[in-house]
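# this one's sequence-less:
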């Protein structure tokens with residue numbers, strides 16, 4: 001296994017993970033995805049192995065769910081906070097794509113029926129037409145032209161001062 005993976009799995013699991021990586025490359029995924037998705041899969045397979053599972057056919061949905069529940073309590077190495085829903089969704093996506101790879105290459109099945117988490121969305125305040133007109137008028141009073149990236153930043157700065 002590449003030094004990229006820190007997981008220690010059976011030769012069968014290692015072969016599956018490496019095959020998944022090659023498959024992602026063949027179908028045109030980005031290099032970062034080719035590295036990250038198999039790593040997520042290897043972590044799941046390592047967890048299964050620690051549960052005494054040594055073949056893909058032994059992995060049941062409850063094993064996947066149990067590991068997923070542990071991930072929901074894991075803290076991010078970068079922030080120290082719990083993994084964000086977007087990260088958890090990326091892990092689910094990796095496992096589902098791995099399951100698709102297994103089926104497409106006739107190497108087995110993996111039932112990943114974990115629903116995606118609700119993404120945290122940042123609410124953005126949208127300027128009204130009146131708010132836009134106000135910004136433009138204030139920028140004109142300041143003899144400021146309203147084109148270009150720097151001007152947009154200035155307009156946003158004016159708007160935040162008004163709030």
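Alright, I've got the coordinates. Computed from a predicted structure; not experimentally measured.
# Please report how far the most centrally placed residue in the chain lies from residue 131.
Residue closest to the mean C-alpha point of the chain, counted by C-alpha atoms, centre = their mean, is residue 90 at 3.1 Å. Residue 90 sits 36 Å away from residue 131 when distances are taken as C-beta to C-beta, to the nearest Å. From N, CA and C alone the C-beta is placed, and that goes for glycine too.
# try residue 21
From residue 21 over to residue 131 (counting by C-beta to C-beta), the distance is 50 Å.
# still on that earlier bit, secondary structure element for the residue nearest to the centre of the chain, which one?
When secondary structure is defined using DSSP states H and E, the element that contains residue 90 is helix 85-104.
# Tell me which residues are up against that helix.
Outside helix 85-104, the residues that touch it by C-beta atoms under 8 Å, 6 or more residues apart in numbering are 16, 19-20, 23-24, 36-38, 40-41, 44, 56, 64, 68, 71-72, 76, 107-112, 114, 116-120.
# So which of these sit within helices?
When the contacts of helix 85-104 are checked against helices (DSSP state H), the matches are 16, 19-20, 23-24, 36-38, 40-41, 44, 64, 68, 71.
# most neighbours, which of these?
residue 38 (29 neighbours; other C-beta atoms under 10 Å).
# which residues does that residue contact?
With contact taken as C-beta under 8 Å, 6+ apart, residue 38 is in contact with 5, 17-18, 20-21, 24, 98.
# Quick check: closest non-adjacent residue to it.
residue 21 (4.3 Å; C-beta to C-beta, 6 or more residues apart in numbering).
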